[in-house]
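# The following block contains a protein sequence and its predicted model.
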Amino acid sequence: MLSGGSGGGVGGAGAFLQGAAAAAASLLGPQASDEVQAQRRAICEGCELYTLGALGATCGSFGARQGPESAEHGCGCVLAVKIRGSFNACPRGKWT
C-alpha cells in the first residue's frame, strides 16, 4: 500500500506520482516559476491532446512518438514533469 494520500487508492497513487514527478523534475534542471507552471497547466488542460490516465495528465498517450509526429499526436510526456522544466516546450508551440 502506498503511504500518504487516501490509503493507497487512486488518491494515494496520485500523490505518489506527484511526488515522483517533483523528484524527477528537480533532477532535470532549472524549474519554471510557479506562475509559468500555472499558465502552462491551464493551456494544456484546454488542449485536445490533454489526456488523463493512470499516470495522471499526459500530452497525448503516455510514451507517444517524439519528433515531427509529436505536434499531431502529442509528445506523451507526463505534464506534471513537462510543465516544470524551464527549457521545456509544447510540441504544438502553445507555450515555451
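Noted; the coordinates are in hand.

# C-alpha from now on. contacts and neighbour counts both.
Fine.

# From G29, how far off is E45?
Distance of E45 to G29, given as Cα to Cα, to the nearest Å: 24 Å.

# So those two - more neighbours on which side?
Applying other Cα atoms under 10 Å to E45 and G29 shows that E45 carries more neighbours, namely 16 against 12.

# Look at the residue nearest to K82 when sequence neighbours are not counted and give its secondary structure.
Of all residues not flanking K82 in the chain, N88 sits nearest, at 6.4 Å (Cα to Cα, 6 or more residues apart in numbering). Three-state call for N88 (DSSP: H, G, I helix; E, B strand; the rest coil): coil.

# so N88 makes contact with T96?
Yes - under the criterion of Cα atoms under 8 Å, N88 makes contact with T96 at 6.3 Å.

# Report the secondary structure state of F16.
At F16 the chain is in helix, as set by three-state DSSP.

# Pull the distance from stretch 64-80 to the chain's centre.
11 Å (Cα atoms, centre = their mean, to the nearest Å).

# if I look at G74, how far off is A42?
G74 is 16 Å from A42, by Cα to Cα.

# Look at the two and report which has more neighbours.
A count of neighbours by other Cα under 10 Å puts G74 above the other of G74 and A42, at 26 against 11.

# In contact with that one, which residues?
49, 59-61, 64-65, 91 (Cα atoms under 8 Å, 6 or more residues apart in numbering).

# quick one: which of those residues has the most company?
Ranking the contacts of G74 using other Cα under 10 Å puts C59 first, with 26 neighbours.

# Give me the pLDDT for that one.
Predicted confidence (pLDDT) for C59: 93.

# tell me which element T58 falls in.
Per DSSP states H and E, T58 falls inside strand 56-59.

# Confirm that Q37 lies within a helix, as I assumed.
Yes - counting by three-state DSSP, Q37 is found in a helix.

# Distance of it relative to V81?
For Q37, the distance to V81 - Cα to Cα - is 10 Å.

# So between those two, which is more surrounded?
More crowded of Q37 and V81, by other Cα under 10 Å: V81, with 21 against 18.

# Using the three-state scheme, assign that one.
helix.
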